[in-house]
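Asks: Fold the following.
(chains A and B)
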Amino acid sequence: MPEPNGGARAANGAGVTNILEARGITKTFGGLVAVNSVDFDIPERAIVSLIGPNGAGKTTFFNMVSGLYIPTSGRFVLTGRDITRMKPHERAQMGLGRTFQNIRLFGTMSAVDNVLAGMHVRLKGSILGSILGTPGVSREEKEARERAHALLGFVGLRGRQTFAKNLPYGDQRRLEIARALASDPKLLLLDEPTAGMNPQETARLTELIGRLREERGLSVLLIEHEMRVVMSISDRVTVLDHGEKISEGTPTEVRQDERVIEAYLGTARTG
Amino acid sequence: MRGVALKRFALPAVLITLAFLFPLLDDGLGLGLMFPIIVIAVYVMLALGLNIVIGFAGLLDLGFVAFYALGAYVMGWLASSHFNQVSFSFLSTAQSLSGGARPGIHISFWIVLLVAGAFTALCGVLIGAPTLRLRGDYLAIVTLGFGEIIPRFFQNGDNLGGFNLTNGTVGIKSIDSPGIPFLPESLSSWQRFGTLDLNPWYYTILVLVLITIFVNIRLRDSRLGRAWVSVREDETAAAAMGINPVTTKLWAYALGAVFGGIAGAFYGAFIKSIFPTSFSFNISILILCMVILGGMGNIYGVILGAIALQGINFYLLPQINGWVHAIGDALGSPLLSGADIPKYNFFIFGIILVLMMLLRPEGIIPNRQRQEELHDDSTGGDALGGTARA
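Replies: Predicted coordinates for the structure are as follows:
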């Protein structure tokens, strides 16, 4: 099979490679066109936001990237490989991590075990090795535990021994990010990470997202309603409305785009 | 910390020592408990196998008896005179005493145990595969179907295109006894396990149960164990973390089936004759009750659940008849002394089950995680010794 690398490896104008390329993504549910022929690029080490009014198709698009939905047409290329038909867990193995709009932690596992579960694909311990307790498996488990604690520290959670579902709301959001980071993603998808947070928690989470790029070299795709977050940390913003891409550019460009203002505020149409 | 160390090592060590000394106690006091204890131990193993499927991976399996039956029939096929068209022996102690070649396949019990485990693991995958897309109630119904199909197959498998695979309702009889060859004459009861001295049987199932417990603990704490819990908790999120739900579930079916199959193979050799009716649907439910009443997911709870239920079912209930008659005789009450209690066994058993479920809904020794699920905002954080919740 020829490498369907399209333009992924080819540098674009600014000499930056794209970690994810979406071409002509369309998704229809019955007669409803949820996403219509959207092209979308995420450059390496970029924070890209996807915004739009409710029902614009953001979450549908997001779920197609992570593999929960298969697009009706179009294709996704992640780090040079076509992932359009891959299952969610295969995409995760390829370096795609995500969080969920409604937090979906493993509620009755401790914080550390949640992160260890996220590390699953990066661990090699075989079943027989685990049963026999071979030195290799023991060492790997010990190192994994240390890394898990380090990740919890990175997102600002420490020494929490309680079940994940007993954590405060903001901590649950952070734990979800730590769990996603545990699988060593190259691209992290964050679905409304500040939903339901107060201004201080939002500010701290915004800072954390910035550090994901600065300290870990990640690319981030963000769905967010909180415009302050979007405008302050995004390199690029894409606006969807009724399943179509209506605007794309830097936060400043998008903010001034009349079609965006119209989509958000509505206009009195005549005729 | 000393309490923790005590709980982790001292208590199990004492219990295991007691278990190894039990035959002496039984012999000394003339309890006559060896036979029921061996059967109870078989059920401990079955319950621990099902615990992997239900307790760890959260797959409600109502047909676990299928693996028990398959294991027993593998022992029947490979260690009896059933296939009398052929004559094949391999390391079997059964044939050495009879002199001459015997008809049928006679393979060493110890090898057949492994074969039965491997065969049922394969069957676990085959039975599990079509159910992978199903969750909850739907999964339960399909597994229920498989649990019914397997005994039916054994019942009607005496003429598969002219070939007698299962001997139908008559079942497979005279299954070989295990034995350890090359032992000195002083250990003759170990050379070929008999029906008079049950000690070799007891120690064999004890070691099998201990291995099962050990493997259960190791699996629970392993990478695969975490994957099971995460798939149980949220399959979509688990897949988003790169955990393959399909293989994770299939491993649960396969590994659970291994213990069901080995327990069945042991039981087949121990009980000597197996019939399709020995593996009816209510055994699936009995094992399920052991897991649930013991404390789903908690290894020690499940062991206690199996001992309690099978103890009541297999040992206590048959005794009640005698007790009631004795009381009736003492009181001079013809009503009691003539009562036919075995008729009400299932009734009494049912009441005990209902009472246990009402008194301890989370099981005898609950799994911390399951307890948390049942009591939504209870003491879970404290149980882990964690910080107070905000």
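
Asks: Point out where the stretch 251-390 of chain B drops to low pLDDT.
Replies: Low-confidence segments of the stretch 251-390 of chain B, defined by pLDDT under 70: B:368-390.

Asks: Then A:T28 would be within a helix, right?
Replies: No: A:T28 is assigned strand when assessed by DSSP: H, G, I helix; E, B strand; the rest coil, not a helix.

Asks: which residues does it bridge with?
Replies: Bridge pairing for A:T28 (DSSP bridges) gives the partners A:V33.

Asks: State the distance from it to A:A56.
Replies: Taking Cβ to Cβ, to the nearest Å as the measure, A:T28 falls 15 Å from A:A56. (C-beta placed from N, C-alpha, C; glycine too.)

Asks: Same question for B:R8.
Replies: 55 Å.

Asks: Settle it for me: which of A:T28 and A:A56 has more neighbours?
Replies: A:A56 (22 against 14; other Cβ atoms under 10 Å in any protein chain shown).

Asks: Counting neighbours, which bits of stretch B:179-190 end up buried?
Replies: By 16 or more other Cβ atoms under 10 Å in any protein chain shown, the buried positions in stretch B:179-190 come out as B:G179, B:I180, B:S189, B:W190.

Asks: ok, now which ones touch the third one?
Replies: Contact partners of B:S189, counting by Cβ atoms under 8 Å, 6 or more residues apart in numbering or on different chains, are B:D197, B:N199, B:P200.

Asks: Please tell me which one of the residues you listed counts the most neighbours.
Replies: Among the contacts of B:S189, the one with the most neighbours (other Cβ under 10 Å) is B:P200, at 20 neighbours.

Asks: Contacts only, for that residue.
Replies: Applying Cβ under 8 Å, 6+ apart to B:P200 gives the contacts B:P178, B:S189, B:W190, B:F193.

Asks: among these, which are in helices?
Replies: B:S189, B:W190 (DSSP state H).

Asks: Show me the two of the contacts of B:P200 that sit farthest apart.
Replies: Distances among these were taken as Cβ to Cβ; the most separated pair is B:P178 and B:S189, at 11.5 Å.

Asks: What pLDDT is listed against the residue nearest to the spatial centre of chain A?
Replies: Chain A has A:L189 as the residue nearest its centroid, 0.2 Å off, counting by Cα atoms, centre = their mean. A:L189 is assigned 95 on the pLDDT scale.

Asks: so it sits right up against A:L96, yeah?
Replies: Yes: the pair formed by A:L189 and A:L96 meets the contact definition of Cβ atoms under 8 Å, at 7.0 Å.

Asks: overlap in contacts of the two?
Replies: Common neighbours of A:L189 and A:L96, counting by Cβ under 8 Å, 6+ apart, are A:V65, A:S66.

Asks: thinking again about what came up before, how about the buried residues of stretch B:179-190 in TSV, adding pLDDT?
Replies: Shown next, in TSV, are the buried residues of stretch B:179-190 (pLDDT from 0 to 100):
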residue	pLDDT
B:G179	86
B:I180	85
B:S189	80
B:W190	84
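
Asks: can you tell me the helix or strand for the residue nearest to A:R85 when sequence neighbours are not counted?
Replies: Nearest non-adjacent residue to A:R85, counting by Cβ to Cβ, 6 or more residues apart in numbering or on different chains: A:I70, 6.9 Å away. Following DSSP states H and E, one finds A:I70 outside all helices and strands.

Asks: give the contact list for A:I70.
Replies: A:M64, A:T84, A:R85.

Asks: Let me see the confidence value for residue 208.
Replies: Chain wasn't specified; assuming chain A. Note on A:L208: pLDDT of 93.

Asks: that answer is for a different chain, and I need it for chain B
Replies: 97.

Asks: what's the closest of the contacts of B:S189 to chain A?
Replies: Checking the contacts of B:S189 against chain A with Cβ to the nearest Cβ, the nearest one is B:P200 at 26.2 Å.

Asks: is it true that the closest one lies in a strand?
Replies: No: assignment of B:P200 by three-state DSSP gives helix, placing it outside any strand.

Asks: That one: what's its closest spatial neighbour, skipping adjacent residues?
Replies: Here the residue nearest B:P200, using Cβ to Cβ, 6+ apart, is B:F193, at 4.6 Å.

Asks: Kindly tell me how buried that neighbour is, as a neighbour count.
Replies: By other Cβ under 10 Å, the residues close to B:F193 number 21.

Asks: What are the phi and psi values at it?
Replies: When read as degrees, to the nearest 10, the backbone of B:F193 gives phi -60, psi 130.

Asks: so it touches B:L183, yeah?
Replies: No: if you go by Cβ under 8 Å, B:F193 and B:L183 don't touch, sitting 11.7 Å apart.

Asks: now B:L50: how far from chain A?
Replies: B:L50 is 18 Å from chain A, where distance means Cβ to the nearest Cβ, to the nearest Å.

Asks: And the host helix or strand of that residue, what does it pack against?
Replies: Using DSSP H and E, B:L50 maps to helix B:34-51. Applying 3 or more Cβ pairs under 8 Å, 6 or more residues apart in numbering or on different chains; DSSP states H and E, one finds that helix B:34-51 contacts helix B:11-29, helix B:199-220, helix B:245-271, helix B:281-295, helix B:299-310.

Asks: Figure out how far it is from the centre of its chain.
Replies: The chain centre lies 5 Å from the centre of helix B:34-51; the measure is Cα atoms, centre = their mean, to the nearest Å.
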